[in-house]
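In: Model the structure of this input:
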Amino acid sequence: MRKQDPVAVVLFQLGGPDSLEAIEPFLVNLFSDPDIIDFPFSRIARAPLARLIAASRARRVEERYARIGGKSPILENTLAQARALEKYLAGRLDVRVFVAMRYWHPLTESVVRALEKDSFESIVLLPLYPQHSKTTTGSSLNEWARQISTSSVRDLTVRVIPHFYNHPLYLDALVEKVEDSLKEVALRSKETHLVFSAHGVPIKLIQSGDPYQVQVEATVDLIMKRGGWSMPHTLCYQSKVGASKWLRPSLHETLQSLALKGTHPVCVIPVSFVSDHMETLNEINIEARSMAQSLGITSFGMVAGLNDSPKFIAALADLVMGAIRAETPATLGARA
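Out: Predicted structure coming up:
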């Protein structure tokens, strides 16, 4: 009897530039995404517009990456998650874990080519975005669908994990990280204000039916209940781009409001990210920390990313096993 082929697990992430020189082409890829830039006649105008936006933003973005070592650590962190997941599943399941980045290498196309070179029983697609949004999970799955449209990979059974914001082990992993931060001397107070910060999205997207905001709010409620903390808490959003209206309040608005109330200490919890990268290491830990100090918030903590914490890897493993046990595989016939 022939040994059963392994299962391929593909972890999706946005990706990030691996050098200062990669920043502008990374931004071109980002703003060329039809799930990010979409308007009448956009198919014609998207490419030149992406190059224009990337060129205008590159210098400012370079300065931000320079503060955290000149590159994004998201690939290293995601590869560590992939290795840990593969190791965790060994003995339970014959599996190979791949990493597909949306806007920088290794791109989805290269992962599809790698899958074509081997034989797999089925594929599990696991976007590393806890809450589903067209701009993240949807974009990654749409790119996957484009890349496999003429590939032999399209004939394999594919199972999709659309979100995991309410998965018990994921919530346990987040609670553990918050508890670790609250052990810091400066944050050992019932007056510590927990500031949950999620990546923002345009309000127009939410009004179109995107479930992201509802799932983010549910995540915060579930974490607070699971943690059993009596401290006050606030949900806010960060990383706004462009002039359109995005979800509010912003992280900066929240810090200003708390400072006016004389609130400190403050502990910021990145709630839509599963690894440390630009949004946590620079936007929160450098820019927001500096702003808080200038506003008189003397005690400022940030909860570290989940990265390859054992509890988070256990959550990913349970998601994969659950997807494989599912009787009806998900399909990618419609755009995510």
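In: okay, CA-based contacts and neighbour counts for the rest of this
Out: Noted.
In: list the contacts for residue 79?
Out: Residue 79 makes contact with residue 99, according to Cα atoms under 8 Å, 6 or more residues apart in numbering.
In: any idea which element it lies in?
Out: Taking DSSP states H and E as the definition, residue 79 sits inside helix 74-89.
In: Quick check: what element follows that helix along the chain?
Out: strand 95-101.
In: Run the angle between the helix or strand just after that following strand and strand 95-101 for me.
Out: Sequence-wise, the next helix or strand downstream of strand 95-101 (DSSP H and E) is helix 108-116. For helix 108-116 against strand 95-101, the angle by axes from the mean of the first three to the mean of the last three Cα atoms, to 10 degrees is 160 degrees.
In: for the very next helix or strand once past helix 108-116, packing partners?
Out: Using DSSP H and E, the next helix or strand after helix 108-116 towards the C-terminus is strand 122-127. Secondary-structure packing of strand 122-127 (3 or more Cα pairs under 8 Å, 6 or more residues apart in numbering; DSSP states H and E): strand 7-13, strand 157-160, helix 310-325.
In: can you list contacts of the longest one?
Out: By Cα under 8 Å, 6+ apart, the surrounding residues in contact with helix 310-325 are 9, 81, 84-85, 88-89, 124, 126, 159-161, 164, 167-170, 172-173, 306, 329.
In: Which positions in it come out as buried?
Out: 311, 312, 313, 314, 315, 316, 317, 318, 319, 320, 323, 324 (16 or more other Cα atoms under 10 Å).
In: quick one: which of these is nearest residue 277?
Out: Residue 277 lies nearest to residue 312 out of these, by Cα to Cα, at 16.9 Å.
In: residues in contact with the closest residue to residue 12 other than its chain neighbours?
Out: Leaving aside its sequence neighbours, residue 12 sits nearest to residue 127 (Cα to Cα, 6 or more residues apart in numbering; 4.4 Å). Residues in contact with residue 127 (Cα under 8 Å, 6+ apart) are 10, 11, 12, 13, 137, 140, 161, 162, 163.
In: how near is residue 28 to residue 86?
Out: 32 Å (Cα to Cα, to the nearest Å).
In: quick one on the thing from earlier: sort out which of the contacts of residue 127 are buried, if you could.
Out: 10, 11, 12, 13, 137, 140, 161, 162, 163.
In: now the residue nearest to residue 12: how far from residue 292?
Out: 33 Å.
In: go on, residue 300?
Out: For residue 300 relative to residue 292 (Cα to Cα), the value is 7 Å.
In: now do residue 245
Out: 24 Å.
In: Are there helices or strands packed against the lowest-mean-pLDDT helix or strand in the chain, and which ones?
Out: Lowest on mean pLDDT, DSSP states H and E among the helices and strands of the chain sits helix 42-67, with a mean of 90. Judged by 3+ Cα pairs under 8 Å, 6+ apart, the packing partners of helix 42-67 are helix 23-31.
In: who touches the helix it packs on?
Out: With Cα under 8 Å, 6+ apart as the criterion, helix 23-31 contacts 16-17, 36-37, 46, 49-51, 53-55, 58, 61-62, 103-104.
In: go on, stretch 231-250?
Out: The contact list for stretch 231-250, computed with Cα under 8 Å, 6+ apart, reads 190-204, 217, 220, 251, 254, 279, 283.
In: taking those residues one by one, which sit in helices?
Out: 203, 204, 217, 220, 251, 254 (DSSP state H).
In: Please check the contacts of stretch 231-250 and keep the buried ones.
Out: 192-202, 217, 220, 251, 254, 279, 283.
In: Okay, and which of these map to strands?
Out: 193, 194, 195, 196, 197, 198, 199 (DSSP state E).
In: Can I get the residues you listed in a markdown table including distance to residue 154?
Out: Shown next, in a markdown table, are those (distance: Cα to Cα, whole Å):
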| residue | distance to residue 154 |
| --- | --- |
| 193 | 48 |
| 194 | 45 |
| 195 | 43 |
| 196 | 39 |
| 197 | 37 |
| 198 | 34 |
| 199 | 32 |
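In: returning to what we had before: from the ones in helices among the contacts of stretch 231-250, pick the one nearest residue 152.
Out: Looking across the ones in helices among the contacts of stretch 231-250 and measuring by Cα to Cα, the closest to residue 152 is residue 204, at 37.3 Å.
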